[in-house]
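> Following is a predicted model, sequence given first.
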Amino acid sequence: MKSRWIITILMILMMVSIATAIEECQGTITPSDVPCMIVTTWDYENACNTYQLSIYNSTPELLDTRALTDYTPTYFCNTTFNYTQQGSYNYNISNINETGTITVEADDEMNLAIVITLIGFGILSIIIGVWLYMSRREK
């Protein structure tokens, strides 16, 4: 009887779908925020796919050119930003003077988590080493 409940709960958990959405790029982001969406600031006269968005690095070297797509909940246009390397990225939209900058910075929280994890593993290794040393010494 108890195993039926466990199986039922596991089946319910497996059926629950996890929804994720791509967030809008907000100027300064971290690599964990990528991918994100670049959404235009106003409704254009022509269809979104008639406009090209060009992305440049700080050199400025052209990295990518892509057509805009319709941003369904509104009449704005959008495209996806996929660059995780730290630095500044500029973009502009063809035939229009709309430009912007996205800055990818180091994820300080992730760096802190890595440091804490490494310290934890170090302490755990010392404890295991002392325990092994003491258990062999008693023999």
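Looks like it came in fine. Note that the structure is predicted; figures quoted are calculated from it, not measured. Numbering: from 1, shown residues only.
> which residue ranges form the helices in this protein?
Secondary structure of the chain (DSSP state H): helices at 2-15, 108-138.
> Show which residues not belonging to stretch 69-88 make contact with it.
The contact list for stretch 69-88 (C-beta atoms under 8 Å, 6 or more residues apart in numbering) reads 22, 25, 31, 34-44, 47-49, 51, 53, 55, 57-58, 63, 66-68, 89, 91, 101-106. C-beta coordinates here come from the backbone N, C-alpha and C atoms, glycine included.
> what stretches of this structure score poorly on pLDDT?
1-8, 10-21, 43, 73, 139 (pLDDT under 70).
> Walk me through the domains of it.
22-106, 108-139 (automatic domain parsing).
> As TSV, those with mean neighbour count would be great.
Formatted as TSV, these follow (neighbours: other C-beta atoms under 10 Å):
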stretch	mean neighbour count
domain 22-106	14
domain 108-139	10
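> Dump these to TSV, plus distance to Ile9.
Formatted as TSV, the domains of the chain follow (distance: least, C-beta to C-beta, whole Å):
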stretch	distance to Ile9
domain 22-106	31
domain 108-139	30
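> among the contacts of stretch 69-88, which are in strands?
Residues from the contacts of stretch 69-88 lying in strands, with DSSP state E as the criterion: 36-39, 53, 55, 63, 66-67, 89, 91, 101-104.
> Throw the helices of the chain into TSV and include distance to Thr72, thanks.
Shown next, in TSV, are the helices of the chain (distance: least, C-beta to C-beta, whole Å):
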stretch	distance to Thr72
helix 2-15	27
helix 108-138	32
